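Engineer: Give me a 3D structure for the following:
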Amino acid sequence: MFILIIFLILFICILLILIIYKRFSVFNIAVYETRNADKIFDYQNSKLIFKIGPKVRSKLNAVLTMADPFLLVYHDELYLFYEEKSELNNGVIKAFKTGNLKNWQDLGVVLSETCHLSFPFIFEHEQAIYLMPETFDYKSLSLYHFTDFPYGCTLSRNLMTGEHFIDSHIYKSEGVYFLFTNNSDDELRLFYSVDLVEWTLHPKSPIVTGKKYSRSGGSIIKVVDKQFRVAQDTSNMYGDNFNIFVINKLSVTEYEESLVHENVIKKDMKWNKEGGHHFNSVLFNDRYISVFDGKKRVSNFEKIAYPFFRIIQKFSNKRKLNQTKINVKERNTFSIIIPLYNKADYIQKAIHSILNQTYQEFEIIVVNDGSTDESLKNLQSVIHDLQFPEEKIKIIDQKNQGVSTARNNAVIIAKNDYIAFLDADDWWEPTYLEEMNDLIENYPEAGIYGSSYYKVKNNKIIAAKIGVEKGFRSGLINYCQVYAKTLYQPLWTGATIIKRSVYKSEKGFKPNLQLGEDFDLWVRVTLKYPVALLNKPLAYYNQDVVLQNRAVGSRFYNPDQHMIFTNYEEFKANPDFENLFEILALYGLLPYYLDDVNQKQVESILNGVHWENHPFKYRLYYLILPKSLVRYWFMLKSVGSKIKSKIL
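Structural biologist: Here you go, the predicted structure:
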């Protein structure tokens, strides 16, 4: 009996080991570059520039598939669209983009449906961007268009219905659209159309049969003067490999192709040890960019551990719920304020960035400040298209009164405890509110909160400097000290959140100020309340907007319109503020000083400067050198800067 028990225990242990260490397959994506058109399929002799893959370790409902990648070049940026599938959920379409092939921005989910989505074939047609993913369960071939690319993906129409359409894509040749689509693993059908509406079955269809070469592994690719078709090999197993055919003849009556590359995936890299089944390539910045998906195997331990993680999560959630009931603590809520003036081309993107937030406890208040373009119409359109709940968005339509009055009027009707600002031409990362909420939870004593951000200029995205020391992640800061040290702003409006009670106690923005109205409010707040800062870029400051629609420029302001001429005598008892104000004044008053504008006010401010505390160059400009020489010096610097920008 004892021997039988020992044998049974050993058998169970061996079985558990076999189960735990059983491995399963996941798909991931690798992007390569080459300057040689003949090497686009040869990843072994190309440069790996980007890779993404599932992270399944200790994850509940882990992502197991990142596959079917497609590339699109649009407005000097490269977009990567792909399918993402978790263990328990349907596949969704997600995207990344880059302008320099080094920094890749995660755009998040661009399309989700009630069915599983895959094979996100994307293309440009008549200056619009279309997406034609596989919607297998719908038994339709659905065409979507973007209202605010890369967001606002909306169903345009069904090209075909009534059966399954697998891995479908369109290729235009000599004015004719050719549709390649599978209805199974072993039959590739071909249709053609002149208008993307009426489709005719090609006389040669099905053009390929059999599991080895028929199923598409990407769209038709044109390289120089050749057209290539990617063909999955499913004869052994799904996702095993793919082959490349060159198309010799393609017309409404003929189709011929020849095999040129067999078994492209060599199963020699970590990302493709078990194979691969998809390929796409485009020309971008004088390089051929090729994207592959690959299959690899990972341990089954995560799956075995899932039930235990679920039990722990359920218990943890129950404890949190009970604790919430005991403490009667509500989640922080945000009122998002958007002043809108002639930003028709941008407002939809701003709204989409809010709706994609991972933290959804918010209301949106948009103030249309007398726009003369289609800003209001585009705003109403995106609200209607997304069927956004009316109770979560309010629109104030007023005559043009300026950005400060617009924001103040919005706060009057705001109902939530925290005020977040976003201009209509800027946008947020999907986790902005979630991570700012964490900052609030960690530093509840603060009156104002900020994060770092990106600047978007000349279609380039650059992380803005915010003055904090290297290695600073988050915490309370001395606003005036940090700002004065480097002249980099720690707080930018589009990445700033303020307690509503604090905003109201300071009476908001001063309506008369047209430049520096944000600095004026931040100073009044930061001298009375702690400032919490997160050194992580979570917002985008769009500096590519037409100048007349922005509140900045090179013109001179009357003394009552510019914060630098504001009377801050009550704050100058604070040495940190006094030092910051003097630095900003010395920097900002030079044009007024050199052109003899607002002379009385300029002279009054300069008379109060502690010159010994500031760089010697300012004494040269204001006290030593004649104005004519200083003007000539800055003219030379301006010319030099323009020449430099032209060269670069």
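Engineer: in the helix or strand encompassing residue 593, what counts as buried?
Structural biologist: Applying DSSP states H and E as the criterion places residue 593 in helix 590-594. Within helix 590-594, the residues scored as buried using 16 or more other Cβ atoms under 10 Å are 590, 592, 593. C-beta: built from backbone N, CA, C; applies to glycine.
Engineer: Show me what that helix is packed up against.
Structural biologist: For helix 590-594, the elements it packs on are helix 599-607, helix 627-647, judged by 3 or more Cβ pairs under 8 Å, 6 or more residues apart in numbering; DSSP states H and E.
Engineer: And for residue 207, the neighbour number?
Structural biologist: Residue 207: 17 surrounding residues under other Cβ atoms under 10 Å.
Engineer: Pretty sure it sits against residue 192.
Structural biologist: No - using Cβ atoms under 8 Å, residue 207 is not in contact with residue 192, being 11.6 Å away.
Engineer: May I have stretch 110-125 as CSV, with CA atoms only?
Structural biologist: Provided in CSV are the C-alpha atoms of stretch 110-125 (Å, rounded to 0.1, in the frame of the first residue of the first chain):
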residue,chain,number,x,y,z
VAL,A,110,-7.9,52.4,-33.1
LEU,A,111,-10.7,49.9,-33.7
SER,A,112,-12.6,47.4,-31.6
GLU,A,113,-15.9,45.5,-32.4
THR,A,114,-18.1,42.9,-30.9
CYS,A,115,-16.4,40.3,-33.1
HIS,A,116,-12.8,39.3,-33.4
LEU,A,117,-10.7,41.6,-35.6
SER,A,118,-7.5,40.8,-37.4
PHE,A,119,-5.6,41.5,-40.7
PRO,A,120,-5.9,45.3,-40.6
PHE,A,121,-5.3,46.1,-44.2
ILE,A,122,-5.0,49.9,-44.5
PHE,A,123,-4.8,52.1,-47.5
GLU,A,124,-5.2,55.6,-48.8
HIS,A,125,-7.9,56.4,-51.4
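Engineer: ok, residues contacting that stretch?
Structural biologist: For stretch 110-125, the external contacting residues (Cβ atoms under 8 Å, 6 or more residues apart in numbering) are 67-68, 70, 72, 74, 79, 81-83, 85, 90-95, 129-138, 144, 150-151, 153, 166-170, 196, 219.
Engineer: Give me the buried entries from the residues you listed.
Structural biologist: Buried, going by 16+ other Cβ under 10 Å: 67-68, 70, 72, 79, 81-83, 85, 91-95, 129-136, 138, 144, 150-151, 153, 166-170, 196, 219, out of the contacts of stretch 110-125.
Engineer: Give me the subset of these lying in strands.
Structural biologist: 67-68, 70, 72, 79, 81-83, 85, 92-95, 129-134, 144, 151, 153, 166-170 (DSSP state E).
Engineer: and the residue nearest to residue 512 when sequence neighbours are not counted, what are its phi and psi?
Structural biologist: In space, and not counting its chain neighbours, residue 512 is closest to residue 560: 5.2 Å by Cβ to Cβ, 6 or more residues apart in numbering. Main-chain torsions, residue 560, degrees, to the nearest 10: phi -80, psi 0.
Engineer: Was I right to think residue 560 contacts residue 510?
Structural biologist: No - applying Cβ under 8 Å, one finds residue 560 not in contact with residue 510, separated by 9.4 Å.
Engineer: neighbour count winner among those two?
Structural biologist: Set residue 560 next to residue 510 and count neighbours by other Cβ under 10 Å: residue 510 wins out with 19 against 12.
Engineer: which SS class is the residue nearest to the spatial centre of the chain?
Structural biologist: The residue lying closest to the centre of the chain (Cα atoms, centre = their mean) is residue 107, at 3.8 Å. Following DSSP: H, G, I helix; E, B strand; the rest coil, residue 107 is assigned to strand.
Engineer: Break this protein down into its structural domains.
Structural biologist: Per the record, the chain has its domains at 23-299, 334-549, 564-647, by automatic domain parsing.
Engineer: In a markdown table: these, plus distance to residue 8 and mean pLDDT.
Structural biologist: Output for the domains of the chain, formatted as a markdown table (distance: least, Cβ to Cβ, whole Å; pLDDT from 0 to 100):
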| stretch | distance to residue 8 | mean pLDDT |
| --- | --- | --- |
| domain 23-299 | 26 | 91 |
| domain 334-549 | 48 | 91 |
| domain 564-647 | 75 | 86 |
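Engineer: Residue 10 is nearest to which of the ones you listed?
Structural biologist: Distance to residue 10, taken as Cβ to Cβ, is lowest for domain 23-299 among those, at 22.4 Å.
Engineer: Show me how far that closest one is from its chain's centre.
Structural biologist: Centroid displacement of domain 23-299 relative to its chain, using Cα atoms, centre = their mean, to the nearest Å, is 22 Å.
Engineer: for stretch 582-591, same thing?
Structural biologist: Worked out by Cα atoms, centre = their mean, stretch 582-591 lies 36 Å from the chain centre.
Engineer: Could I get the full set of helices for the chain?
Structural biologist: Under the criterion DSSP state H, the chain contains helices at 2-20, 301-327, 347-355, 375-385, 403-413, 432-442, 479-486, 500-505, 517-526, 575-588, 590-594, 599-607, 616-619, 627-647.
Engineer: TSV for the ones you listed, including distance to residue 461?
Structural biologist: Compiled in TSV, those are given as follows (distance: least, Cβ to Cβ, whole Å):
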stretch	distance to residue 461
helix 2-20	44
helix 301-327	34
helix 347-355	14
helix 375-385	23
helix 403-413	24
helix 432-442	16
helix 479-486	21
helix 500-505	30
helix 517-526	22
helix 575-588	26
helix 590-594	30
helix 599-607	37
helix 616-619	32
helix 627-647	18
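Engineer: Next up, the contacts around the closest residue to residue 182 other than its chain neighbours.
Structural biologist: Once flanking residues are discounted, residue 182 sits nearest to residue 166: 4.0 Å by Cβ to Cβ, 6+ apart. Applying Cβ under 8 Å, 6+ apart to residue 166 gives the contacts 119, 134, 136, 181, 182, 183, 184, 215, 216.
Engineer: hey, C-alpha coordinates of the helix holding residue 593 in CSV?
Structural biologist: Provided in CSV are the C-alpha atoms of helix 590-594 (Å, rounded to 0.1, in the frame of the first residue of the first chain):
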residue,chain,number,x,y,z
LEU,A,590,14.5,93.3,-24.5
PRO,A,591,12.3,93.9,-27.5
TYR,A,592,10.4,96.6,-25.7
TYR,A,593,13.6,98.2,-24.4
LEU,A,594,15.3,98.2,-27.9
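Engineer: Great, nothing more from me.
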